[in-house]
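Asker: here is a sequence with its predicted model. Questions after.
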Amino acid sequence: MELNSILEYERVILQCHDNPDPDAIGSAFALYRFLKERGKDAEIVYSGFSKIQKSNMILLIDKLGIPMRYIDRGADENAVGADEKTLLLTVDCQYGAGNVKKLLSENIAVIDHHVTEGVPPALSDIRPFLGSCSTLVWLLLDEAGFEFANHPDVCTALYYGLYTDTNSLAEVVHPLDRDLRDNIKYDAGLMKRLQNSNLSINDLTVAGKTLVTNWISKDTRSAVFEAEPCDPNILGFTSDIALQVDDIDVCVVFCRVSGGIKLSVRSCVREVMANELAARLCEGVGSGGGHKDKAGGFISENALADKDISPSQFLGARFSKYFSDYDLIYSGQPVLDLDTFKRCRKRDIPVGFACSADIFPEGSELVVRTLEGDTFITAGRDIYIMIGIRQEVWPIKRAKFEASYRVLDGPYMPDKRFLNQDRYEPTVKERVEGRSISILPFAKSCVPTGETAVLVKKLTRRTKVFTSWNREGYMFGDSGDYLAVREDDLNDVYVIEKDIFNATYSEV
């Protein structure tokens, strides 16, 4: 969706989900300000059990002057009086979902970051791979030319929306979420007040009750806790406490929220990255991600209803299966029967590369921002950054690059045939100053020489591979993906996704 498309309507009603949270409020407020600046009649509405009562949200609305109208749950569906010149735009929710009061309108649009429910209207932008709706609205506003520097209140609202929906930024999912976190200029004083207005005495009581009701596995040193319905921030607070227990290395705390199940995931061991565990728990029924230590997720209520199973049973089963369903492989200590591998070479499909020292001065400490997470390198003439067919990036030493690739004339141009909806333009960030630069303007084209072979084997079980580049995290391989070993360096073990393998490799 382009925001300019909603400017065709004279009036836009921005509807938050029932009992809205800061992400819904911040997203709606940012869109409201955009519409008002463009001379449109705009209004923010919400419904639910009662008017907003939480102290942090009251403070947010009051300090930023956010105009919101409450519509009683029992009100008529014509409560907004929409006509053919009016657009009803649901924000951080989807029209017809169980957590949104149905309001009649001839024209409907959706901006959301949850799993798609039903058939969305033609005018929709739903990106469940993002950690917050605020991230999506920030991106859409930026593409529409919105001057954030002129609207510090909007910046604060969007930042706080991301902050709360990702459990104080601990469960940031996508590189775009990290870009919003790093780039937006917010009111630090108000943020501090908001951060210290999150919990009530009742919230502490909920956390206490949650910690005494648990399922613990001594074999895997893991635990699952179920909380009564509460603010999602309580889940992160509770899981942080649980992880301090000597017998627990990994834990999940979850509760029912409007429209589904919210969960918080924690890990303090490298064999379980919290973001990967969250994604697996929510696979096919929601979305999850975050950091390797702290992550979170959301499971759709409708998805669970289809399975006719309680949230506790569902998560318990997936949690148990997770720990019994994968193998571990450590680069440098490979115990692999290479006779069972087949020999392959990359096809001569153009990919990209850039010298890290061309982007930032030699010696600079850099963060390479990718869909899988942030990779840390030091800029140097001997360290290149490769760009794959899906704009996936990885570091490579110059000697290995020169042994494996041939440089082509001209700049690198991504092949749009291979790009997914969640594509992200690869960037490099300087760690000290925090300045971010796209890799693409520095990238040149190259093709594999075919001289270096790779030994591969299709995985039949989920596998975690600790690569030579990252000893504290792992590449995850699903059944059907390929375990790969460079023939000229048997310590260089990694995973190739099956789609990328099928598109770029041929058997020798």
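Answerer: Thanks, I have the structure now.

Asker: please make it C-alpha for all contacts and neighbour counts, starting now.
Answerer: Will do.

Asker: show the pLDDT at residue 382.
Answerer: Per-residue pLDDT puts residue 382 at 96.

Asker: stretch 243-256: which residues count as buried?
Answerer: 243, 247, 248, 249, 250, 251, 252, 253, 254, 255, 256 (16 or more other Cα atoms under 10 Å).

Asker: now that stretch: mean pLDDT?
Answerer: Per-residue scores along stretch 243-256 average to 92.

Asker: and what of stretch 100-115?
Answerer: 92.

Asker: would you mind writing the CA trace of it as CSV?
Answerer: Taking Å, rounded to 0.1, in the frame of the first residue of the first chain, the C-alpha atoms of stretch 100-115 are listed here in CSV:
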residue,chain,number,x,y,z
VAL,A,100,-12.2,-5.5,16.5
LYS,A,101,-15.7,-4.1,16.9
LYS,A,102,-17.4,-4.3,13.6
LEU,A,103,-18.3,-0.8,12.2
LEU,A,104,-20.2,-0.5,8.9
SER,A,105,-18.3,1.1,6.1
GLU,A,106,-18.5,1.0,2.3
ASN,A,107,-14.8,1.4,2.0
ILE,A,108,-12.3,-0.6,4.1
ALA,A,109,-8.5,-0.7,4.4
VAL,A,110,-6.1,-2.5,6.7
ILE,A,111,-2.6,-1.7,8.0
ASP,A,112,-1.4,-4.5,10.3
HIS,A,113,1.5,-6.7,11.3
HIS,A,114,-0.4,-9.8,12.5
VAL,A,115,-1.0,-13.0,10.6
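
Asker: residue ranges with poor pLDDT in this structure?
Answerer: 334-335, 372, 419-423 (pLDDT under 70).

Asker: determine the set of other helices and strands touching the longest helix anywhere in it.
Answerer: When the chain is parsed with DSSP state H, its longest helix is helix 22-37. Contacts defined by 3 or more Cα pairs under 8 Å, 6 or more residues apart in numbering; DSSP states H and E place helix 22-37 against strand 11-16, strand 41-46, strand 86-91, helix 133-143, helix 152-165.

Asker: neighbouring contacts of it?
Answerer: 7, 14-17, 41-44, 57, 66, 91-92, 132-134, 137, 141, 146, 154, 157-158, 160-162, 164-165 (Cα atoms under 8 Å, 6 or more residues apart in numbering).

Asker: and it, which residues are buried?
Answerer: 22-35.

Asker: quick one on the thing from earlier: JSON lines for the helices and strands packed on helix 22-37, including distance to residue 374?
Answerer: Below are these laid out as JSON lines (distance: least, Cα to Cα, whole Å):
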{"stretch": "strand 11-16", "distance to residue 374": "32"}
{"stretch": "strand 41-46", "distance to residue 374": "36"}
{"stretch": "strand 86-91", "distance to residue 374": "29"}
{"stretch": "helix 133-143", "distance to residue 374": "18"}
{"stretch": "helix 152-165", "distance to residue 374": "18"}
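
Asker: so for residue 401, which of the ones you listed sits nearest?
Answerer: helix 133-143 (34.7 Å; Cα to Cα).

Asker: hang on, the earlier thing: out of the buried residues of helix 22-37, which is nearest to residue 301?
Answerer: Among these, and counting by Cα to Cα, the member closest to residue 301 is residue 24, at 18.6 Å.

Asker: relative to residue 342, how far out is that closest one?
Answerer: 51 Å (Cα to Cα, to the nearest Å).
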